[in-house]
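> Structure, please.
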Amino acid sequence: MKHWLTPSFLPTRWLKGAAALLMTGTAAADFAPEPMNVNLSLPATYPEHWLVVHDATFFHMREGRYLFVDPRAETVGGQLRGMLSADFIAHYEQSAGRSEHYVIESFFSRGGRGGERTDVVTIYDAANLEVSGEIIIPPRKLSSMPERLATGLVAEDKLLVVYNFTPGQSLTVVDLEKREFVAEHGIAGCSLAIPTGDSGITSLCSDGAFLTTALSDGGASAASVRSAAVFADQSDPMFEKAGITGGVAYFPTFKGDVLPVDLSGDAAVPGERWPLANAEEKAAGWRPGGWQLVAADHLGRLYVLMNPNGTDGSHKDGGGEVWVFDAAAKKRIMRIPLPNWGISVGVSNAEQPLLVVTNGELQLETYSTDTGEMVKTLAVSTQTPFIVRGVR
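The predicted model follows:
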């Protein structure tokens, strides 16, 4: 036998045991697999330290998944608490108040060969992870690399908003109480769907402005407000990724600044840029980089993946350190050197948040946000875990 072709989700101990059985003829009774903590239900409200991991499975995108992970457990069986299917680089939202998950996905009548496309919002019950409903929406949702800001919940989680790109740009609005598609609003030249205030959605526009679409209780477009152009300068482009804390979204720039945008009111209000790296650090080559390169926690801290050898074009390359900032004070408070090159960062919603770094081997490493020390590499196996977030 020249090689093994093994599913990545099987625990390593199982794989080694299976190899022993095949190669040595060991009796099945002698193979004791790792005990799995199998539950028929989960708590309706998940522990605050749990994580949601989007595994987009790039090598077979029609079989993507969202994993619910307990990072405090030590084994695969303890860490993997549940899983949802997520067809073709889906989007995801969670409503803790409704005890529901929403997976926005696309299906094709001929599978991998295409055919008629159907976009749906699949609704899962949080306790048993069973499908409790499905809402068909216009087949226009963004199909791209995973994006945190392509969907949003507003109006106390009554309305779900989905960003569309066909390449026409619009917002789909779904009423989660009525379980129906209710409206589509054009946002030509603008992208993404970032919750703003009580019932607004902000999008980033190609002219460097922010467009906020205010929604009525029923999902109609009540008003729209456009800011001045604030990121049109192409000498230092802005990432479309942001860490959001305290009602403010913090968007890093390619060369090492950050743009704060206040999302707490009826419309987005951009603030003044401030530097992540000082002049000496920028000259030495320090720049933000990575896929999901920025995260923020409920304590007002901003986490940015930083590349020590940044150049023009290195913005997706990842980084060797995570820099931690007090966002309100505009001050760096910690540097976390990474033993392995990082490509994405995420943070839990625990009382003492846990930093999660996707490394270059596509493993999930956890770090203390108090000391910066590495805690462990998670045992849960994933293929392309570019987006990690805390549960709501």
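> Pull the residues that contact stretch 354-364.
For stretch 354-364, the surrounding residues in contact (C-beta atoms under 8 Å, 6 or more residues apart in numbering) are 49, 51, 53, 69, 71, 291-292, 295, 303, 305, 318, 322, 336, 338, 340-348, 365-369, 375, 377-378, 380, 382-386, 388. No exception for glycine: its C-beta is placed from N, CA and C like everyone else's.
> Repeat the analysis, applying 7 Å as the threshold.
49, 51, 71, 303, 318, 322, 338, 340-348, 365-367, 369, 377-378, 380, 382-386, 388 (C-beta atoms under 7 Å, 6 or more residues apart in numbering).
> Ok, stretch 191-208 next?
Contacts for stretch 191-208 (C-beta under 7 Å, 6+ apart): 149-155, 161-163, 165, 169, 171, 187, 189-190, 210-215, 229-232, 240, 249, 263-268.
> Give me the mean pLDDT for it.
The pLDDT scores in stretch 191-208 average 97.
> give me phi/psi at Ala279?
With angles defined as degrees, to the nearest 10, Ala279 sits at phi -60, psi -40.
> wait, Gln79
Here Gln79 shows phi and psi, under degrees, to the nearest 10, equal to phi -80, psi -40.
> That one contacts Ala379, correct?
Yes: using C-beta atoms under 7 Å, Gln79 is in contact with Ala379, at 5.7 Å.
> is it true that Leu160 touches Thr172?
No: between Leu160 and Thr172 there is no contact under C-beta under 7 Å: 8.4 Å.
> Identify the residue spatially nearest to the residue nearest the centre of the chain, adjacent ones excluded.
Central residue of the chain (C-alpha atoms, centre = their mean): Ile387, 3.7 Å from the mean position. Excluding the flanking residues, the one nearest Ile387 by C-beta to C-beta, 6 or more residues apart in numbering is His54, at 4.2 Å.
> chain center to the helix or strand where Val388 lies: distance?
Using DSSP states H and E, Val388 sits within strand 387-390. On the basis of C-alpha atoms, centre = their mean, to the nearest Å, strand 387-390 sits 5 Å off its chain's mean C-alpha point.
> quick one: Val131 and Tyr102, what's the gap?
11 Å (C-beta to C-beta, to the nearest Å).
> Ignore what I typed, I meant Gly360.
When C-beta to C-beta is applied, the distance between Gly360 and Tyr102 equals 31 Å.
> Which of the two has more residues huddled nearby?
Tyr102 (25 against 11; other C-beta atoms under 10 Å).
> Looks to me like that one is in a strand.
Yes: judged by DSSP: H, G, I helix; E, B strand; the rest coil, Tyr102 forms part of a strand.
> Now it: closest residue in space, sequence neighbours ignored.
Glu93 (4.5 Å).
> Over to the one you found. Which of the three states is it?
Applying three-state DSSP: Glu93 is strand.
> Next, count neighbours for it.
Neighbours of Glu93 using other C-beta under 10 Å come to 20.
> Likewise for Thr371?
Neighbour tally, Thr371, other C-beta under 10 Å: 10.
> separation between it and Gln79?
Thr371 is 22 Å from Gln79, by C-beta to C-beta.
> Which of the contacts of stretch 191-208 are buried, as a PyMOL select command?
The PyMOL command for the buried members of those (criterion: 16 or more other C-beta atoms under 10 Å) is given here:
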select buried, resi 149+150+151+152+153+154+155+161+162+163+169+171+187+190+210+211+212+213+214+215+230+231+249+263+267+268
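> And the helices in the stretch 51-200 of the chain, which stretches?
76-79 (DSSP state H, counting those that start in this stretch).
> how about the helices of the stretch 201-350 of the chain, start to end?
279-284.
> which intervals of the chain have sub-threshold pLDDT?
1-40 (pLDDT under 70).
> remind me, longest strand of it?
strand 331-347 (DSSP state E).
> mind listing what that strand pairs with, with the direction of each?
Its sheet considered, strand 331-347 pairs with strand 319-326 (antiparallel), strand 354-359 (antiparallel) by DSSP bridges.
> and Pro167, how many residues sit next to it?
Pro167: 6 surrounding residues under other C-beta under 10 Å.
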